[in-house]
Structure formats: structure tokens, C-alpha cells
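*Asks:* Based on what follows, work out the 3D shape:
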Amino acid sequence: MSKLFNRRDFFKGFGLLAAAPMILPSRVWSGNDLPGNRINIAVIGIGKQGTGLLRGFLHAPGTQVVAVCDVDRQKLAYGQQATDDFYAEKTGSPYKACQATIDFRDIIARDDIDAIVLATPDHWHALPSILAAQAGMDIYCEKPLSLTIGEARLMVEHVRRNGRVFQTGSMQRSSDRFRQACELLRNGYIGEIKHVRVSIRTGFMPHPIDCDLPAESTPPELEWDFWQGQAPARPYNSKLAPSINFDGWPAWRDYRAYSGGGMTDWGAHHFDIAQWALGMDESGPIEIFPASHSDYKLLTYRYKNGVEMTTDFDDNFIRFEGTKGTVTVNRQSLTTEPAHLSSKKIAPNEIFLYKSNDHRMDFLNAIRHRSKPIADVEIGARSVTVCHLGNLAYQLDRPLHWDPEKEEFINDEEANRMRFRAQRSPWII
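*Replies:* The predicted structure is shown next:
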């Protein structure tokens, strides 16, 4: 893939050397997957989600994973071995060419990498994405897009400025079920939308809290200070960064320094679908009321068109209520009232939404065609902003008034300051 400029010159101030990849022989490729069209990928973050993404991109046609990165050396070694083993089996020859590094800047310094796949904790999304965009790389970044509202907008600006392809990992958009639900709404099949219920099932705190976990001994394989990045320094605790043997989801999602609780975990998925269905991919709500507000028993958003959206933590679905019926959708089912709408075929003259049947392949196709994928960076930014708005209303414990065009709170200096956070040196954007 062609590059806009020489990354080695751009990053030589880091003093980093890039390893040359072993290019797989032509006999393992065919047609459009020949080396000239191949996309070289690096995966940053080899935890539970990152391991799944690594496997998916290893099997994607026309790609080669040439580097992996993690601040935990055990996870890093696993990612490197899994990659080398995959290509050894594919070629029938020994393969030891996947670069492994604890420092993502080593990857961004390379001239031969076309795209990064970012599966780090949420507080490590913005800076690698921005540096990758500046270096001419395309980006697949897990949801939620960012730790703050301010970071989300900076990510959009740098992706646009550098002409990059960016896919947010909001993979529910690449599902027929969710697209069908949104097309029913967009075409008016349940009439005028009055209310949206976003119900979030989560094993984490609904809203993030300050971290008060006790200090534990730092494992020798983990670069703990690097893991903390921009977050305030604190002692290690295994709930935040468990070992490779842990078979679950780390609890860093519970804590404000690193994430946004259930609101940004499952919330990033479900608010994203609500925004898609309401046609708000470049906008958002204008008022946010916390559950403690006297007129509201649940966290409530109000859009300019009068639609209200409430959030609870009882189940796991999105329900749209209109003047002529309802649509309820999650990953397991689509139910409607009237019932026949669940199998309704959208007519050729009606509104069709972007169709993707595979979130990873959609990203790779967008790279090849230099087009926007289904969950472009602007979409990811707007969806995570809805999550952050709810968390800020909860944290401030008062109604908030939001201008989605200017992306600022109206006459509220305190809330506007909270769109950003202080960042620990040297990880300052």
C-alpha cells in the first residue's frame, strides 16, 4: 500500500528502529490477494478482545499481521507465537517474522505497516490512534472510542486531516438484525418515534467510580507504568491488569481513570444503534437529566425533535416506541408490534442503510477503496459522546444542556472543563 510520507523520518526523534517483515511467498496468495494488494497489520493490545481480533485478521484474505504489541510480556509472547504459528502452518515452512514490542511507537515508526488494530483499555485509544493517523496508517479501534468527549473530537480531526480510514469496533452495525430495526424506524413503519429505552446489562459498575483498589506486587512481566499511560499513577492491582491466565473481563472498566463503566461498555453498543436509528450519526441529544432529578426516575436524554431516551441497567436491548408500534432489538432477537414488521422487506424506493455483513472485512474493503466504513470515526465519536454525557450528568448530579453542533455545554463552564482531563506526562495529546 502506498504511503503519504516516510514514517521513519517522521519518527526518527524517537530513536526507534523498525524490523523488516518476512513477506509471505506468492504461492499462498491468489487473485486480488497477491502481495501488491496485501494489507500489513499490527495488533496493539493482546488481551481477551485483542486476541479475538488478532485471530480474525489472521484469517482475513489479503492481509498479513506483521507485528503485535502489549505491555504484558506474556501476552505479547502469546500474540507473537500465535501469529508465527499461523503463517508457518499456512506456508508449510518455519516462520519467525512477527515483530513483538511493548512500545506502540515502534510499530508506528515502521514504513511497511498499513493499519493498526487497537484493542487496548479505553484510556489508551486516543494517542495511538492520533499518532497512527499522523503516520499515514488506517485504524481499527475498539469501542468505546475514547476516554473523554474532547479526545473523541481530536481523533476525528486527525483522521480527517490525514485522510485515514477508521473503523470503530461497534460491530452491532454489521448485523442484519440491528440494520433491519433501524431501517424500520427510518422508513416510518412505527410512526413518529416518541421514546427510546436503552437497557444495559453489565457485569461492571453502571457508572465509573474513583479507583480505591489496594496495592499488590507488580508482576515482573508487566510494564505497569506504561499500562497506566495518561492516567494518574497508582499502585498495581490485578483486577485492573490481570495475568494471561485470567479468563474474564478486567475490571478497569469500573474506574473513571480508565473507562466509563457500563455506560461506555455495553452503552457504547446500544447508544450507537439508537443514534443510527434516529438519524443522529452527526448529532446528539440536547438535554440530559440524571435519575436523581425530581422529574425523572431514570437517566433521560432529550433530542431536539422531542424524542426522549431513557437508560436503565435491568436487561440488554434497545426498544423504540412510536405512534404506530414498537421495535425491540438485541443480539438474540428482533421483535415488533405489529409482529409482521420483524420480517418486513424494505422496498427498493425506500431508505436503505449502509450494509456490512462482516465488521473486519468492511474495514479492509474501506482501506482498499479509500472509503468510509460502517462505523466511521465520526460515528464512533458521536456515540461515545452520548455515553460520556450520561456519565457527566450522573457525576455532576444535575441536568445538562448540550449543543451537538458546537459540541459544548451551554452556559456551563464546569461541565465544559470536564470534556477534557489532565493527562500524565509524557502521554499528553
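*Asks:* how's this structure carved up into domains?
*Replies:* The record's domain split for the chain, according to automatic domain parsing, is 7-171, 176-205+263-352+377-417.
*Asks:* now those domains as CSV including distance to residue 233, mean pLDDT and mean neighbour count?
*Replies:* For every residue, glycine as well, the C-beta is placed using N, CA and C. Listed next are the domains of the chain as CSV, based on distance: least, CB to CB, whole Å; pLDDT from 0 to 100; neighbours: other CB atoms under 10 Å:
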stretch, distance to residue 233, mean pLDDT, mean neighbour count
domain 7-171, 13, 88, 20
domain 176-205+263-352+377-417, 22, 96, 19
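*Asks:* The stretch 151-300 of the chain: strands as residue ranges?
*Replies:* Remark: strands assigned in the stretch 151-300 of the chain by DSSP state E, counting those that start in this stretch are 166-168, 193-199, 287-289, 299-302.
*Asks:* Distance to residue 317 for the ones you listed - can I get that in TSV?
*Replies:* Written out in TSV, the entries for those read as follows (distance: least, CB to CB, whole Å):
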stretch	distance to residue 317
strand 166-168	21
strand 193-199	5
strand 287-289	21
strand 299-302	16
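*Asks:* I'd like to know which of these is closest to residue 347.
*Replies:* Using CB to CB as the measure, strand 193-199 is the one of the strands of the stretch 151-300 of the chain that comes nearest residue 347, at 20.3 Å.
*Asks:* contacting residues for residue 46?
*Replies:* For residue 46, the contacting residues are 54, 68-70, 72, 75-76, 78-79, 119, taking CB atoms under 8 Å, 6 or more residues apart in numbering as the criterion.
*Asks:* From the residues you listed, pick the one nearest residue 360.
*Replies:* Comparing every one of these with residue 360 (CB to CB), the shortest separation belongs to residue 54, at 11.0 Å.
*Asks:* Among the domains of the chain, single out whichever gets nearest to residue 235.
*Replies:* If you check each of the domains of the chain against residue 235 by CB to CB, domain 7-171 wins as the nearest, at 16.1 Å.
*Asks:* ok so, going back, what's the closest of the strands of the stretch 151-300 of the chain to residue 273?
*Replies:* strand 193-199 (8.6 Å).
*Asks:* ok, residues contacting the closest one?
*Replies:* Counting contacts by CB under 8 Å, 6+ apart, the residues outside strand 193-199 that touch it are 185, 267, 270-271, 274, 277-278, 306-323.
*Asks:* Relative to it, what are the paired strands and their orientations?
*Replies:* strand 308-312 (parallel), strand 317-322 (antiparallel) (DSSP bridges).
*Asks:* Distance to residue 395 for those strands - can I get that in a markdown table?
*Replies:* As requested, these are arranged in a markdown table below (distance: least, CB to CB, whole Å):
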| stretch | distance to residue 395 |
| --- | --- |
| strand 308-312 | 15 |
| strand 317-322 | 24 |
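*Asks:* Would you tell me which of the ones you listed gets closest to residue 422?
*Replies:* When the strands paired with strand 193-199 are compared for distance to residue 422 using CB to CB, the nearest one is strand 308-312, at 28.0 Å.
*Asks:* Determine how far the closest one lies from the middle of the whole chain.
*Replies:* Its chain's C-alpha centre and that of strand 308-312 lie 22 Å apart, by CA atoms, centre = their mean, to the nearest Å.
*Asks:* Also stretch 172-183?
*Replies:* With CA atoms, centre = their mean as the basis, stretch 172-183 stands 18 Å off its chain's centre.
*Asks:* Report whether the expected contact of residue 424 with residue 228 is present.
*Replies:* Yes: taking contacts as CB atoms under 8 Å, residue 424 lies within contact range of residue 228: 7.3 Å.
*Asks:* Between the two, tell me which one has more neighbours.
*Replies:* Counting neighbours by other CB atoms under 10 Å for residue 424 and for residue 228 shows that residue 228 has the greater number, 22 against 15.
*Asks:* how about the nearest residue to residue 151 once chain neighbours are set aside, what does it touch?
*Replies:* Beyond its immediate neighbours in the sequence, the residue positioned closest to residue 151 (CB to CB, 6 or more residues apart in numbering) is residue 126, lying 4.0 Å away. If you count contacts by CB under 8 Å, 6+ apart, residue 126 has them with 146-147, 151-152, 154-155, 429.
*Asks:* Same list (those residues) but as JSON lines, adding distance to residue 89.
*Replies:* As requested, these are arranged in JSON lines below (distance: CB to CB, whole Å):
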{"residue": "146", "distance to residue 89": "37"}
{"residue": "147", "distance to residue 89": "38"}
{"residue": "151", "distance to residue 89": "39"}
{"residue": "152", "distance to residue 89": "40"}
{"residue": "154", "distance to residue 89": "41"}
{"residue": "155", "distance to residue 89": "36"}
{"residue": "429", "distance to residue 89": "40"}
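*Asks:* Which ones among the residues you listed map onto helices?
*Replies:* Residues of the contacts of residue 126 located in helices (DSSP state H): 151-152, 154-155.
*Asks:* I'd like to know how far residue 299 sits from residue 374.
*Replies:* Relative to residue 374, residue 299 is positioned 27 Å away (CB to CB, to the nearest Å).
*Asks:* Equivalent analysis for residue 339, please.
*Replies:* 28 Å.
*Asks:* next one: residue 144
*Replies:* In this structure, residue 144 lies at 17 Å from residue 374, with CB to CB as the measure.
*Asks:* And for residue 145?
*Replies:* From residue 145 to residue 374 the distance is 14 Å (CB to CB).
*Asks:* In contact with residue 301, which residues are there?
*Replies:* Taking CB under 8 Å, 6+ apart as the definition of contact, the neighbours of residue 301 are 285, 287-289, 308-311, 386, 389-390.
*Asks:* Now it. Nearest residue, chain neighbours left out?
*Replies:* By the measure of CB to CB, 6+ apart, the closest residue to residue 301 outside its immediate chain neighbours is residue 285, 3.9 Å from it.
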